[in-house]
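**Student:** I would like to see how this sequence folds:
(chains A and B)
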Amino acid sequence: MQVRGTVLTVRRVDAYYAMTLVAPAIAARFKPGQFVTLAVGGPDTSMLLSRAFSIHDVRPDHGGTVEFVFAVHGAGTQWLAERRSRDVLDVTGPLGKAFPLPRDPVNCLLIGGGYGSAPLFSLASKLKERRCEVDFLLGAGSGDRVFGALTARRTGRTAVITTEDGSLGSRGVVTDLLDQVIHDGRTDVIYACGPMPMLRQITVLARRYDIPVQAAVEEAMACGIGVCMTCVLPVIGSDGITRMSRACMDGPVFRGETVRWDDVGTIPFDAFGAPGWEPRSRRAAELQNGQVRAGDVRAGDVRVGDVRGGDVRPDRAGAGRAQPGSQPGRGHGERRDANREHHDGRDADRDNADRVAADPAHGDRGDATGGAGGSHGHGR
Amino acid sequence: MAVDLRAKLGHVELPNPIMTASGCAGAGRELAQFIDVSKIGAIVTKSVMLSPRSGRPTPRMAETPSGMLNSIGLQGPGIDAFLQRDLPWLLSRGARAVVSIAGGTVAEYADLAGRLSDAAGVTAIEVNISCPNVEHRGQVFACNPDSAAAVIDAVRARTRYDIPVFAKLSPDVSDIVAVAKACVSAGADGLSMINTLLGMVIDTDTMRPRLAGLTGGLSGPAIRPIAVRCIWQVREALPGVPIIGMGGVRTGRDALELILAGASMVSVGTTIFHDPSACARILRELEEELIARGVDRLTDVVGLAHQPPAVTARTLHPNTRISPNTRVRRS
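**Tutor:** The predicted model follows:
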């Protein structure tokens, strides 16, 4: 939905700003993890790119309001911070796929870095409706940059805060305490939103415990609606093929194991369509020689492993289908929960049927399943 | 009063002149949730290549004053997926599909044209010749009249007779008229202009180029005067050749500016990134601008700026009124 949203309030919240817009059509469709984009600077602006912000919360007052949090990084976000009540903004949303919700009551750990925690609170209330236990683990550089510490303490079963300068909670970064928090909370599922290195670390640590991670990524976007191909990152599809997937359409929520965190910012050589890809004619020749299985030759879908004989991503691909019971400490039950959650993600997909139908470039939909929304503040 | 907005894309008639610009609307699907894709003149697809392509590394985009740089690198699923999935979708929605094609060799362009000719429902082909020629030290086809003509010649030869072929020209050349003439001689039914200009941004904090691909294509209102100039020059030299104008169109008035310079159709690109329904809005605004000027037929104002003021009134369609606030001297 692209609507004219009227500014209700712009508040300072520690180091950040929170803006509330009256936008009933967006509020009505919102699911936790989704984001909005805003055109900044007015009609004659020299700033052409829309700014994307994950939705912090929606409320029913004034027919439906949408709240998001942002930091002032540049002229665009500065302009936003200077808006006042009754200003009208051009806003598009809700965009992206939402956090998939577990069907059964499980222990959920919600991890936020900086104002990446913004989308986690509406997620927490949805989880609690499903009788899930919610623990928070929030971190930032300093105390004033931990967004929502108070809300986390009030609404979470537990809330652990870390700051790099030690000004709030314990000194360090969230991943320092992750092991302990997982143990204490008997975590079944992790939801995370924050900078890429944090998401990468969380995914690595969670893999040890065989806990599924739903990670909402921050990627710079230009349009937010899937047309500009700016916000891509390498994601492994359910068919084992890595594609440069759009964070705005296929995400921003991805299953942590499917994202090739170490390769973000690059085009992995085995990615779908990467340079050095077998040209058509040579592939056809290989097909005739039996080097490539017939089933693989659909639309150039060659698995590099098949062609070159090298297993290029043993651990990553393996992580995608973690073996049940591979972790002694975690039994059958948890595994089932994780699967359920996966299913639920598909439900979310179906709800978003129009958007799914609107996806041209990716066959890995079903897998990004986990996926659903939560980009946050890309605003500059 | 309704304005007759019909536009001619070669011999193909479109209901109105507003289209998407290649690379700014995917294959139309993403826009369908914001606009009715059948209501605008045509959807110009993101350039399709023979094989799937992953594009360039990120960051791929940098905002610049009234513009942006992109270095996407033609990421796309390839012609097979396009024909299987995207083209049928566009047709099922009643949209007119202008398919942009890109390749690294003349043969690749020709193959693509052949594939598209075999498929039903392609309204026109726009040839994106701003690609490096892998057989010629990576020199961009569009920068040399001969290589541009070679591509157009091969594409025209393989394209069904009733599908118009448009050559998309780069403004990064010393003589755009020479390239335009070469393309038309080689069989192009029309010309699209302008593609992005090559630019670069260096981040003064990191002291490194902002884009992973180092350079990128500049688009947005920043380049609109260049688009107007290129369209003007080519229209002047080749008055009978239809032109799809693009470059920084943000409002109906901007679209009218390109039309006055000589464009029969206008593509909207970068503006879609901050206003997904821009095409529908610009179409509405263009109609309002024409009504305000007392014009009832779009074709009456195509290239009108080339007419000397005194002649303007006489060469207008007999039904056309010149409103009092238009400054036309009748001598």
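**Student:** In contact with the residue in chain A that chain B sits nearest to, which residues?
**Tutor:** Closest residue of chain A to chain B, Cβ to the nearest Cβ: residue A:273 (3.5 Å). Where C-beta positions appear, they are placed from N, C-alpha and C, glycine not excepted. By Cβ atoms under 8 Å, 6 or more residues apart in numbering or on different chains, residue A:273 lies in contact with A:244, A:300, B:51-55, B:75-78.
**Student:** In PDB, could you pull the C-alpha coordinates for stretch B:46-56?
**Tutor:** This file holds the C-alpha atoms of stretch B:46-56, laid out as PDB (Å, rounded to 0.1, in the frame of the first residue of the first chain):
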ATOM      1  CA  LYS B  46      14.600  -5.100 -17.000                       C
ATOM      2  CA  SER B  47      17.200  -6.100 -19.600                       C
ATOM      3  CA  VAL B  48      17.000  -9.800 -20.200                       C
ATOM      4  CA  MET B  49      20.100 -11.800 -21.100                       C
ATOM      5  CA  LEU B  50      20.600 -15.300 -22.400                       C
ATOM      6  CA  SER B  51      21.900 -16.800 -19.200                       C
ATOM      7  CA  PRO B  52      21.100 -16.100 -15.600                       C
ATOM      8  CA  ARG B  53      23.300 -13.500 -14.100                       C
ATOM      9  CA  SER B  54      24.100 -12.600 -10.500                       C
ATOM     10  CA  GLY B  55      25.100  -9.000 -11.000                       C
ATOM     11  CA  ARG B  56      27.700  -7.000  -9.200                       C
END
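**Student:** Any idea how far it is from the middle of the chain?
**Tutor:** The chain centroid and the centroid of stretch B:46-56 are separated by 18 Å under Cα atoms, centre = their mean, to the nearest Å.
**Student:** Let's test this: mean pLDDT of it, rounded?
**Tutor:** Taken as a whole, stretch B:46-56 has a mean pLDDT of 91.
**Student:** for stretch A:257-271, same thing?
**Tutor:** Here stretch A:257-271 scores 89 as its mean pLDDT.
**Student:** Relative to residue B:127, which of the contacts of residue A:273 is nearest.
**Tutor:** Within those, proximity to residue B:127 (Cβ to Cβ) peaks at residue B:76, which comes in at 15.7 Å.
**Student:** now whichever residue of chain B sits closest to chain A, nearest residue through space, not along the chain?
**Tutor:** Here chain B gets closest to chain A at one residue, residue B:52, 3.5 Å apart by Cβ to the nearest Cβ. Nearest residue to residue B:52 in three dimensions, chain neighbours excluded: residue A:273, at 3.5 Å (Cβ to Cβ, 6 or more residues apart in numbering or on different chains).
**Student:** ok, residue A:47 touching residue B:68?
**Tutor:** No - contact status for residue A:47 versus residue B:68: not in contact, 9.5 Å apart, counting by Cβ atoms under 8 Å.
**Student:** Near residue B:65, how many residues? Count them for me, please.
**Tutor:** When neighbours are counted by other Cβ atoms under 10 Å in any protein chain shown, residue B:65 registers 11.
**Student:** Please name the nearest non-neighbouring residue to it.
**Tutor:** Residue nearest to residue B:65 in three dimensions, not counting chain neighbours: residue A:46, with 4.9 Å by Cβ to Cβ, 6+ apart.
**Student:** got a list of what the one you found touches?
**Tutor:** Counting by Cβ under 8 Å, 6+ apart, the residues that residue A:46 touches are B:65-66, B:221.
**Student:** ranges for the helices of the stretch 51-200 of chain A?
**Tutor:** A:75-81, A:120-129, A:149-155, A:174-185, A:196-209 (DSSP state H, counting those that start in this stretch).
**Student:** Kindly provide the distance from residue A:236 to residue A:25.
**Tutor:** Residue A:236 sits at a distance of 35 Å from residue A:25 (criterion: Cβ to Cβ, to the nearest Å).
**Student:** Name the residues linked to residue A:90 by a beta bridge.
**Tutor:** residue A:4 (DSSP bridges).
**Student:** In contact with it, which residues are there?
**Tutor:** A:2, A:4-5, A:38-39, B:274-275.
**Student:** Same check on residue A:29?
**Tutor:** Contacts of residue A:29 (Cβ under 8 Å, 6+ apart): A:1, A:94.
**Student:** Let me know the pLDDT of it.
**Tutor:** Residue-level pLDDT assigned to residue A:29 equals 91.
**Student:** quick one, phi psi at the residue most central in space within chain A?
**Tutor:** Closest to where the C-alpha atoms of chain A average out (Cα atoms, centre = their mean) is residue A:216, at 1.6 Å. The phi/psi pair for residue A:216 (degrees, to the nearest 10) reads phi -90, psi 120.
**Student:** Report the separation between it and residue A:195.
**Tutor:** 11 Å.
**Student:** any common contacting residues for those two?
**Tutor:** Common neighbours of residue A:216 and residue A:195 (Cβ under 8 Å, 6+ apart) are residue A:116.
**Student:** got the contact list for residue A:175?
**Tutor:** Taking Cβ under 8 Å, 6+ apart, one finds A:198, A:201-202, A:205 in contact with residue A:175.
**Student:** got it, and residue B:37?
**Tutor:** B:28, B:31, B:43, B:90, B:93-95.
**Student:** ok, for it, nearest residue in space, not its chain neighbours?
**Tutor:** Nearest residue to residue B:37 in three dimensions, chain neighbours excluded: residue B:95, at 4.2 Å (Cβ to Cβ, 6+ apart).
**Student:** tell me the domain boundaries of chain A?
**Tutor:** Chain A breaks down into these domains under automatic domain parsing: A:2-95, A:107-262+A:334-368.
**Student:** between residue A:47 and residue B:68, which one's more packed in?
**Tutor:** residue B:68 (27 against 21).
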